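J.: Below are the sequence and a predicted model for it; my questions follow.
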Amino acid sequence: MSIHGIEVRNLQKFFHKRRKLFRARPAVVHALKDISFEVEMGETYGLLGPNGSGKSTLIRVLSTLLVPDGGEVRLLGHRIPGEEHLVRAKIGRVSVDAAFYKKLSARENLLYSAYLYGMDGRSAERRAMEILEALGLEQEKFTDPLEEMSRGMQQKVAITRALLINPPLLLLDEPTTGLDPKSRRDVQTFLEDLRAEHGTTILLTSHDMAETERLCSRIGFIAKGALIAEGTADELKRRSNAATLDDAFIALSGESLEEGSKVAAVNPDGITPAKGGDVVVPAEGNGHKEGAAEEEEVKV
Ligand SMILES: Nc1ncnc2c1ncn2[C@@H]1O[C@H](COP(=O)(O)OP(=O)(O)OP(=O)(O)O)[C@@H](O)[C@H]1O
Ligand SMILES: [Mg+2]
């Protein structure tokens, strides 16, 4: 049996939010509801969904930063929960709000990461410069403290950090949000080249339809924690008789890609049906467990 880049089976994640009222029972947020999908080796797969639909939670679980409450994940054949240490050495992750040591320079932050990955400083620096150049960050910025850089520049450093070890698997949560159009294109071209040259498997979330269509061979629509449809951009549009992915999402989900209303139960032929679906939130879910939360702030 061939190994997939990513295999997600019946994945569940709950969050318990403490209520302000004295002795009130915590509210349960069912952030991921029985999600299942696969990404082939070397494939770029996109996740589209409105705010709060569970995209970042899914990326955090796959990055081993959150422990799932149910289901199983295999990344490059390694199982989580269970083989997190093997997974961490092989993934690069970019989150929309990357954490850095802000007083340190881009160079120092990147060398620190390289050190944690056991890379040789000189080759790490060479690779970092190559990537930053491809992403269009001026060399002289390399030694500026991160806190003096714009958000877009910091995002480029975050992307560089994820790519330093040339990982076979990239988990990218809105990697181009906040970048200007030229920088966005530079990042997209870089990702295309990575896939072509190294066969990197990429899972990407985005709110940018054009980016998703350009980069992703298949796209999953996620709404309220459930994967409601998946297919190529053309399949999704054709099936819903829509001109754009935006319209396809509305047609298939009953809500807009902006935060919205009720999800309709749709299971159209022609498009791989979403596995799983709406699940009633149990009064007592599993606990909200954190994994190796290196850089995540836990909001409970
Ligand atoms: N640490 C947390 N504690 C409690 N609830 C959380 C936590 N993280 C996420 N959630 C909840 O889980 C749900 C999914 O959030 P998530 O951040 O995964 O959405 P998203 O699809 O990434 O949204 P966006 O497009 O805005 O980035 C939301 O209801 C959110 O409030
Ligand atoms: Mg998010």
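T.: Sure thing, it's come through. Ligands and ions are numbered 1, 2, ... in the order given.

J.: mind listing what V94 touches?
T.: 155, 158-159, 161-162, 170-173, 175 (CB atoms under 8 Å, 6 or more residues apart in numbering). Yep, even glycine has a C-beta here, placed from its N, CA and C like the rest.

J.: K156 against L137, yeah?
T.: Yes - counting by CB atoms under 8 Å, L137 is a contact partner of K156 at 4.8 Å.

J.: any common contacting residues for those two?
T.: Common neighbours of K156 and L137 (CB under 8 Å, 6+ apart) do not exist.

J.: Closest to the centroid, which residue in this protein?
T.: D173 (3.5 Å; CA atoms, centre = their mean).

J.: returning to that earlier point: show me how to select, in PyMOL, the buried members of the contacts of V94.
T.: Entered in PyMOL, the line below selects the buried ones among the contacts of V94, by 16 or more other CB atoms under 10 Å:
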select buried, resi 155+158+159+161+162+170+171+172+173+175
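
J.: any idea which of the contacts of V94 is the one closest to ligand 2?
T.: D173 (5.8 Å; CB to the ion).

J.: Test my guess that that closest one contacts V96.
T.: Yes - D173 is in contact with V96 according to CB under 8 Å; the separation is 5.3 Å.

J.: Show me whatever sits in contact with both of the two.
T.: Joint contacts of D173 and V96 (CB under 8 Å, 6+ apart) are S56.

J.: related to what we said a few turns ago, tell me the pLDDT of the residue nearest to the centre of the chain.
T.: You'll see D173 listed with a pLDDT of 96.

J.: show me where the stretch 151-300 of the chain has strands.
T.: Ranges of strands within the stretch 151-300 of the chain are 169-173, 201-205, 218-223, 226-231, 272-273, based on DSSP state E, counting those that start in this stretch.

J.: will you turn the ones you listed into TSV that also has distance to S256?
T.: Below are these laid out as TSV (distance: least, CB to CB, whole Å):
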stretch	distance to S256
strand 169-173	21
strand 201-205	17
strand 218-223	10
strand 226-231	13
strand 272-273	22
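
J.: What residues does the stretch 51-200 of the chain have near ligand 1?
T.: Contact residues, the stretch 51-200 of the chain versus ligand 1 (CB under 6 Å from any ligand atom): 51-57.

J.: Please list which of those residues are also close to ligand 2.
T.: Filtering those for proximity to ligand 2 by CB under 5 Å from the ion leaves 55-56.

J.: Pick the one among the residues of the stretch 51-200 of the chain next to ligand 1 closest to G121.
T.: S56 (31.9 Å; CB to CB).

J.: I'd like to know the average pLDDT value across stretch 100-120.
T.: 91.

J.: CA atoms of that stretch as PDB?
T.: Taking Å, rounded to 0.1, in the frame of the first residue of the first chain, the C-alpha atoms of stretch 100-120 are listed here in PDB:
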ATOM      1  CA  PHE A 100       9.500  35.200  16.800                       C
ATOM      2  CA  TYR A 101      12.000  36.600  19.200                       C
ATOM      3  CA  LYS A 102      11.100  40.100  18.100                       C
ATOM      4  CA  LYS A 103      14.200  41.800  19.600                       C
ATOM      5  CA  LEU A 104      16.500  39.500  17.500                       C
ATOM      6  CA  SER A 105      17.200  39.900  13.900                       C
ATOM      7  CA  ALA A 106      15.900  37.700  11.000                       C
ATOM      8  CA  ARG A 107      19.300  36.200  10.800                       C
ATOM      9  CA  GLU A 108      19.500  35.400  14.500                       C
ATOM     10  CA  ASN A 109      15.900  34.000  14.500                       C
ATOM     11  CA  LEU A 110      16.700  31.800  11.500                       C
ATOM     12  CA  LEU A 111      20.000  30.600  12.800                       C
ATOM     13  CA  TYR A 112      18.400  29.700  16.100                       C
ATOM     14  CA  SER A 113      15.800  27.600  14.200                       C
ATOM     15  CA  ALA A 114      18.600  26.000  12.200                       C
ATOM     16  CA  TYR A 115      20.400  25.100  15.400                       C
ATOM     17  CA  LEU A 116      17.300  23.400  16.800                       C
ATOM     18  CA  TYR A 117      17.100  21.300  13.600                       C
ATOM     19  CA  GLY A 118      20.700  20.400  13.900                       C
ATOM     20  CA  MET A 119      21.700  22.300  10.700                       C
ATOM     21  CA  ASP A 120      25.200  23.600  10.200                       C
END
